[in-house]
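Colleague: Provided below for reference: sequence and predicted model.
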Amino acid sequence: MDITKFKSGNFLKQTAYKSFSPTKIHQTWEITDAQLNQLLSEANRYLGELNGLSQVIPDIDFFIMMHVIKEATTSSKIEGTQTSIEEALLKKEELNPERRNDWQEVHNYIEAMNQAIEQLEKLPLSNRLLRNTHETLLQGVRGSQKMPGEFRTSQNWIGGATLADATFIPPHYQEVPDLMSDLELFLNDGELFTPHLIKIGIAHYQFETIHPFLDGNGRIGRLLITLYLVDQKILLKPTLYLSDFFEQNRQLYYDNLSIVRTQNNLTQWLKFFLVGVIQTSQKAIQTFKEIVQLREKIEKKDILTLGRKIPNAQKLVLQLYKQPFITIAEIAENLECSIQTANTLTKNFVKLGILKENKGYKRNQLFEFEQYVRIFTKN
């Protein structure tokens, strides 16, 4: 089908409201819009550069972990959860009790994402995998009573206090299994000659339109983008997350999804989506380049001034990539050294500007790998 001729679906009369019944998407899509083709080419170029960079950076998994934490905090923020990257990096007991529920939601997202990436080695990108991920996402947090791991069996809505004043009413729950089966087929049909970024752009729109769960649809729908790119080997590492772009352009995000349903304008949504891929890839590339520069400075200049402490200093730097907030006791444990040795090394790292005492948390004397954290909070 030519994307410009797409018909999004129909509003169906229910008992006291009209729900939206979307057109199924399992087919080949043709691109005839010149600007869309140009954006697609540019998005593929930056995505390829990001993928290549992720394969040549040593210890890349440390830095992907930070990407995942940033994605978890941003994606959860869109849903109203207020936890910063800095808070997400702390242990739960370091936070005030009133902040711990939001912290847990973010960490559920991290666990759900890591679990989904791991399951892709054994399962296709399927409804089963999405349900497993959803169950982990809602475990023991807000929404835990809303059928974790199961497609909804009642009507939901977006915006408004009730169905009567809702901004958008997704399809009736009886349509959900069939629509999700169609989406699953579309994602996994290797014989459809549709560019991957167009395919996942359409799939994300369709998932958000179906809204198959009672809660957590936004987070699962955004995670779906990264999972697809990894599953199709477009990215060999999970390095692209669009939540930050969607959060910064939140109203445009909702508006562009909406005009597909109301004006059949799938082209405009895909243009917005591809701009998101381009800008997010550029930021991720810049982030990795800044990490390389920071590593060069610390590992090949700063810690080489420490003489016989260099072996322990090298171990500590690697630990800080995984744990940017750390106590002296944790340093001693990780390096298998005495508290006195850990304390001396910490003082050396503070003098070199690698660590900075973080006085915002009183439970323990806490030190922050500030330059490293700032790369992710800035970019």
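Modeller: That came through, no problem. Numbering: from 1, shown residues only.

Colleague: What about Glu336, how many residues nearby?
Modeller: Using other Cβ atoms under 10 Å, Glu336 has 9 other residues around it. (Glycine included, C-beta is placed from N, CA and C.)

Colleague: Distance of it relative to Asn343?
Modeller: For Glu336, the distance to Asn343 (Cβ to Cβ, to the nearest Å) stands at 15 Å.

Colleague: remind me which residues of this protein are low pLDDT?
Modeller: Where the chain drops to pLDDT under 70, the residues are 360-364, 379.

Colleague: How is it divided into domains?
Modeller: Domain assignment for the chain, taken from automatic domain parsing, gives 3-287, 290-378.

Colleague: Just list the residues touching Leu304, thanks.
Modeller: Applying Cβ atoms under 8 Å, 6 or more residues apart in numbering to Leu304 gives the contacts Ile310.

Colleague: ah, wrong one, I meant Asn249
Modeller: Each residue near Asn249 by Cβ under 8 Å, 6+ apart is listed here: Phe272, Gly276.

Colleague: which residues touch the spatially most central residue of the chain?
Modeller: With distances taken as Cα atoms, centre = their mean, Glu71 lies nearest the centre of the chain, 3.8 Å away. Going by Cβ under 8 Å, 6+ apart, Glu71 touches Tyr109, Met113, Thr226, Tyr241, Ser243, Asp244.

Colleague: Now rank the residues you listed by neighbours and give me the top one.
Modeller: Tyr109 (32 neighbours).

Colleague: Quick one: the helices in the stretch 201-350 of the chain, in order.
Modeller: Remark: helices assigned in the stretch 201-350 of the chain by DSSP state H, counting those that start in this stretch are 217-231, 243-248, 250-263, 266-297, 310-322, 328-335, 339-351.

Colleague: what about Gln104, how many residues close to it?
Modeller: Gln104 has 17 neighbours, counted by other Cβ under 10 Å.

Colleague: excluding its backbone neighbours, what's nearest it?
Modeller: Leaving out its chain neighbours, the residue that sits closest to Gln104 by Cβ to Cβ, 6 or more residues apart in numbering is Val141, at 5.4 Å.

Colleague: Ok, Phe273 next?
Modeller: Using Cβ to Cβ, 6+ apart and skipping residues adjacent in sequence, the residue nearest Phe273 is Gly201, 4.1 Å away.

Colleague: can you count the residues close to the closest residue to Phe325 other than its chain neighbours?
Modeller: Leaving aside its chain neighbours, Phe325 sits nearest to Leu89 (5.0 Å; criterion: Cβ to Cβ, 6+ apart). The tally of other residues near Leu89 (other Cβ under 10 Å) stands at 19.

Colleague: who's in contact with Leu89?
Modeller: With Cβ under 8 Å, 6+ apart, Leu89 has these contacts: Ile69, Gln323, Pro324, Phe325, Val373.

Colleague: mind checking how far it is from Lys347?
Modeller: For Leu89, the distance to Lys347 equals 22 Å [Cβ to Cβ].

Colleague: what do you get for Ser19?
Modeller: Ser19 is 64 Å from Lys347, by Cβ to Cβ.

Colleague: of the two, who's got more company?
Modeller: Ser19 (21 against 12).

Colleague: quick one: secondary structure of that one?
Modeller: Secondary structure, DSSP: H, G, I helix; E, B strand; the rest coil: Ser19 is strand.

Colleague: Could you verify my assumption that it touches Phe168?
Modeller: No - the pair Ser19 and Phe168 does not pass the contact test of Cβ atoms under 8 Å, sitting 9.4 Å apart.

Colleague: show me what contacts Leu320?
Modeller: By Cβ under 8 Å, 6+ apart, Leu320 lies in contact with Ile326, Ile354, Leu355, Phe369, Tyr372.

Colleague: at 6 Å instead, please
Modeller: Contacts for Leu320 (Cβ atoms under 6 Å, 6 or more residues apart in numbering) come out as Phe369.

Colleague: now it: how far from Ile298?
Modeller: Taken as Cβ to Cβ, the span from Leu320 to Ile298 is 9 Å.

Colleague: got it, and Tyr228?
Modeller: 35 Å.

Colleague: Just give me the neighbour total for the spatially closest residue to Thr153 that is not a sequence neighbour.
Modeller: Take Thr153 and drop its neighbours on the chain: the residue closest to it by Cβ to Cβ, 6+ apart is Tyr173, 5.4 Å away. As a burial measure, Tyr173 scores 16 neighbours (other Cβ under 10 Å).
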